[in-house]
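S.K.: below is the sequence, then the predicted model.
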Amino acid sequence: MPTQAIPATDLIEIFSSLQGEGTLVGYRQIFIRFPDCNLSCRYCDTDFEKKDACLIESAPGSGVLQKVPNPVSHATVSNLVNSWCNVLPGAHHSISITGGEPLLHHEALVVLLPVLRKQLPIYLETNGTLVAELDSLIDHIDWVAMDIKLHSQTGARTEWDVHRDFLKIACRRSCYVKLVVGEGTTDLELQLTADLVAGFGSAIPIVLQPVTRDGRIDVSIDRLMQMHAVIADIYADVRVIPQTHRFLGAL
């Protein structure tokens, strides 16, 4: 009788750091980064290409990364998370499932997330476009950090209907909507976002994240204040939060 294979997944990196974006900014998380993405945004600053090896911190927060051959077994990931929780009890708020676009790996996540969630809550970072994949996983997720991809920044058409369908599922959990914005972001894009989110009540924060280029925010404070006012005129819970980990030099 053949031995059943241990589930394994291609990963980019696993490390312990501070969440630098969104409504959980400042909390310490264990980050599990998945490869591949279904989009190609102009501002993307993350290397999500699949590699032969996954980079894993030798100790949580050490910044020293060691290569582990891909695919990485789910047992290895679970044991690592358990070890780090034992080494630093109470330090980690949650596990960030990030990418790339992690929902492209939904078949692996539907096996892995229930195991990891026994150790820490699950925080999903996603581009907000893979509706069916989110639906298959939502019961294993505690927070959803969902992008709405604006044409002015990505160069691609904004899929408003897809984002609406995605948010309908995401709001079954704690969630927020993130907009990466730049000088070219239009008031109409902001108004459409505010109208979309308002259709689900008033409990979903909208986070304006100014685009970062070469380590610097590439949007003036005057324009950010204007953008905030445009959304606030329609929807009250809007916040401006830059990528704080860039300024801290954190992983």
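M.R.: Right, received. Where do you want to start?
S.K.: now the host helix or strand of residue 134: buried residues?
M.R.: Taking DSSP states H and E as the definition, one finds residue 134 inside helix 131-137. Using 16 or more other C-beta atoms under 10 Å as the test for burial, helix 131-137 gives 131, 133, 134, 135, 136, 137. Quick note: C-beta positions are derived from backbone N, CA and C, even for glycine.
S.K.: quick check: residue 197 is in a helix.
M.R.: Yes. Residue 197 forms part of a helix when assessed by DSSP: H, G, I helix; E, B strand; the rest coil.
S.K.: ok, now how distant is it from residue 90?
M.R.: Look at residue 197 and residue 90: by C-beta to C-beta, to the nearest Å, they are 33 Å apart.
S.K.: ok, now residue 21?
M.R.: 23 Å.
S.K.: neighbour count winner among the two?
M.R.: Neighbour totals were compared for residue 21 and residue 90, and residue 21 leads with 21 against 7 (other C-beta atoms under 10 Å).
S.K.: now do that one, the pLDDT please.
M.R.: Here the pLDDT value assigned to residue 21 is 96.
S.K.: so who does it touch?
M.R.: For residue 21, the contacting residues are 145, 178, 207, 209, 241, 243, 244, 245, by C-beta atoms under 8 Å, 6 or more residues apart in numbering.
S.K.: of those residues, select the buried ones using a PyMOL command.
M.R.: Only the buried entries of these go into this PyMOL selection, using 16+ other C-beta under 10 Å:
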select buried, resi 145+178+207+209+241+243+245
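S.K.: tell me what the strand or helix carrying residue 125 is packed against?
M.R.: Using DSSP H and E, the element containing residue 125 is strand 122-126. Counting contacts by 3 or more C-beta pairs under 8 Å, 6 or more residues apart in numbering; DSSP states H and E, strand 122-126 packs against strand 94-98, helix 131-137, strand 143-147.
S.K.: what mean pLDDT does the longest one have?
M.R.: Rounded to a whole number, the mean pLDDT of helix 131-137 is 98.
S.K.: I'd like to know which elements that helix is packed against.
M.R.: With contacts taken as 3+ C-beta pairs under 8 Å, 6+ apart, helix 131-137 sits against helix 106-117, strand 122-126, helix 160-170.
S.K.: what inclination does the first one have with respect to strand 122-126?
M.R.: Between the direction of helix 106-117 and that of strand 122-126, the angle (axes from the mean of the first three to the mean of the last three C-alpha atoms, to 10 degrees) works out to 150 degrees.
S.K.: show me what counts as buried in helix 106-117.
M.R.: Judged by neighbour count using 16+ other C-beta under 10 Å, the buried positions of helix 106-117 are 106, 108, 109, 112, 113, 115, 116, 117.
S.K.: what angle sits between the helix or strand encompassing residue 79 and strand 94-98?
M.R.: Taking DSSP H and E as the criterion, residue 79 maps to helix 74-87. Compare the direction of helix 74-87 with that of strand 94-98 by the same axes, to 10 degrees and you get 140 degrees.
S.K.: dump helix 74-87 to CSV, keeping only the CA atoms.
M.R.: C-alpha atoms of helix 74-87 as CSV (Å, rounded to 0.1, in the frame of the first residue of the first chain):
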residue,chain,number,x,y,z
HIS,A,74,3.1,21.7,5.9
ALA,A,75,4.6,19.9,8.9
THR,A,76,7.7,22.0,8.6
VAL,A,77,5.6,25.2,8.6
SER,A,78,3.4,24.1,11.5
ASN,A,79,6.4,23.0,13.6
LEU,A,80,8.2,26.3,12.9
VAL,A,81,5.2,28.4,14.0
ASN,A,82,4.8,26.3,17.1
SER,A,83,8.5,26.6,17.9
TRP,A,84,8.5,30.4,17.5
CYS,A,85,5.4,30.7,19.7
ASN,A,86,7.1,28.7,22.4
VAL,A,87,10.3,30.8,22.1
